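1. here are the coordinates; sequence isn't available:
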RNA sequence: GCGGUUGUAGCCAAGUGGUUAAGGCUCCGGUUUGUGGUACCGGUAUUCGUGGGUUCAAUUCCCAUCAGCCGCCCCA
């Protein structure tokens, strides 16, 4: 009797051989875009002190409230990271990166964990690719980061991407906005959905994102619409947002200003943005980001403005076009393993990909394997060839086979 | 956390309250043990996600549970 099969935990995925080329190719392509802009990769631990996320991401967010994988170990509360920025900022402070020349440009990639109900494009263990630009509070920095995100999507040949932009103002603005919004919404509270009533206390700004028709209708027109249009943002925030839009206009980058787009993490200030794809289902956001001018301070570092974004790798996988893996150059058909290994090593040192048949089966069988592996050439190295210091090289597409002396064959590869 | 829906081999998939659970692809073996791709032949599910119940009898009906998917919530 065999034991029961153990299933993978809910909301996790294996990256199988059939996908791994696309998976790592995607990460390599995205990384290359950022490296080309002088961003440097940083890798931080997958788990951190729980308080890092409570303080950093914000304890009014759903992520912190109900989605964190936390556990106690020797009296310490540890949490599997639900997002990447908090850990990067922690390292920035703790490792003294804030003393390197500003701005500091970083990117990261790795697994994140949120305890949520899985569905298409949303796993419990998922992967993000993100970038952070620390030490600059200018609309030019905002533009660099947004353009960078779009460049990554372009490099991945992702079409149908839309840029949504907004500003949530300075940190002071955000507080004022929040209170003013509550004042406007308070009279309507009884008409609103349960979620909105809850949000009213916990995170009123998120109410604007509500999808319930009755709420949506209310927020779309009348007092709320007027309020959004006429809210007295600080001159600083308005000026900065205008400059950013001006840069995008000049570059003919299409965008939509969405006054109701607010993002779920508490640390955002100023510019926020999202890139969405019309080719995904309900989880249409492929990239989300924004400015977080207070986070470094909140986590105990020097006052440091910053902006960043993150992309969902699983969602990118559904959209990206990555070149096929290169074909296998040589499949060595042999009954002389020692000779075959030596030849394989020499071929590989010249950059060729080589697989050695280890089965000792008849050459017909080995050739069939060569075919199945989609090798371009079979190299036949049997007793006769070893004696003559030769190889037979057969092009599997044409069937043409010819003999070379081993040295001539290697020399021909260059 | 809520609502809906699905679950037969590695993949796709037919099927029925009652002897051996179609078929296709893949894989493995053979015809062909120093020459592949085609063709032909053969093999691979003691069992229908798992557990329990109803029944003389369940893969089929019922319940629970697990997992996938869709939507809400939230977000990448």
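-> Thanks, I have the structure now. These numbers were taken from a predicted model, which means no experiment stands behind them.

2. quick one: residue A:65 and residue A:54 touch, right?
-> No - counting by C-beta atoms under 8 Å, residue A:65 stays clear of residue A:54, with 9.8 Å between them. Heads up, the C-betas are built off the backbone N, CA and C, glycines and all.

3. Which one's more surrounded, those two?
-> It is residue A:54, of residue A:65 and residue A:54, that has more neighbours when counted by other C-beta atoms under 10 Å, with 18 against 12.

4. Can you list the buried residues in the lengthiest helix in chain A?
-> The longest helix of chain A (DSSP state H) is helix A:17-35. Buried positions in helix A:17-35, judged by neighbour count with 16 or more other C-beta atoms under 10 Å: A:22, A:23, A:25, A:26, A:27, A:29, A:30, A:31, A:33, A:34.

5. Please apply the same query to stretch A:398-408.
-> Buried residues in stretch A:398-408, counted by 16+ other C-beta under 10 Å: A:404, A:406.

6. List the residues that contact the residue sitting nearest the centre point of chain A.
-> In chain A, the residue lying closest to the centroid (C-alpha atoms, centre = their mean) is residue A:129, at 2.5 Å. By C-beta atoms under 8 Å, 6 or more residues apart in numbering, residue A:129 lies in contact with A:27, A:30, A:107, A:108, A:109, A:152, A:310, A:311, A:313, A:316.

7. just checking: which of those residues also lie near RNA strand B?
-> Of the residues in those, proximity to RNA strand B by C-beta under 7 Å from any atom of the strand holds for A:310, A:311.

8. Look up phi and psi at the single nearest residue of the stretch 1-150 of chain A relative to RNA strand B.
-> Scanning the stretch 1-150 of chain A for proximity to RNA strand B using C-beta to the nearest atom of the strand identifies residue A:120 as nearest, at 2.3 Å. The phi and psi values for residue A:120, taken as degrees, to the nearest 10, are phi -50, psi 130.

9. where along the stretch 251-400 of chain A do the helices fall?
-> Remark: helices assigned in the stretch 251-400 of chain A by DSSP state H, counting those that start in this stretch are A:295-298, A:313-319, A:337-349, A:363-372, A:383-388.

10. Next, format these as CSV and append mean neighbour count.
-> Compiled in CSV, the helices of the stretch 251-400 of chain A are given as follows (neighbours: other C-beta atoms under 10 Å):
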stretch, mean neighbour count
helix A:295-298, 21
helix A:313-319, 20
helix A:337-349, 16
helix A:363-372, 15
helix A:383-388, 13
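
11. What residues does residue A:279 make contact with?
-> A:159, A:160, A:318, A:319.

12. do the same with residue A:229
-> Here residue A:229 is in contact with residue A:259 (criterion: C-beta under 8 Å, 6+ apart).

13. Angles on the backbone of it, please.
-> phi -70, psi -30.

14. pull the helix or strand with minimum mean pLDDT from chain A.
-> Using mean pLDDT, DSSP states H and E, the weakest-scoring helix or strand in chain A turns out to be helix A:213-220, at a mean of 72.

15. and that helix, is it in reach of RNA strand B?
-> No - using C-beta under 7 Å from any atom of the strand, helix A:213-220 never reaches RNA strand B; the gap is at least 8.6 Å.

16. Centre of the chain to that helix, how far?
-> Offset of helix A:213-220 from its chain centre (C-alpha atoms, centre = their mean, to the nearest Å): 33 Å.

17. try stretch A:147-166
-> Offset of stretch A:147-166 from its chain centre (C-alpha atoms, centre = their mean): 13 Å.
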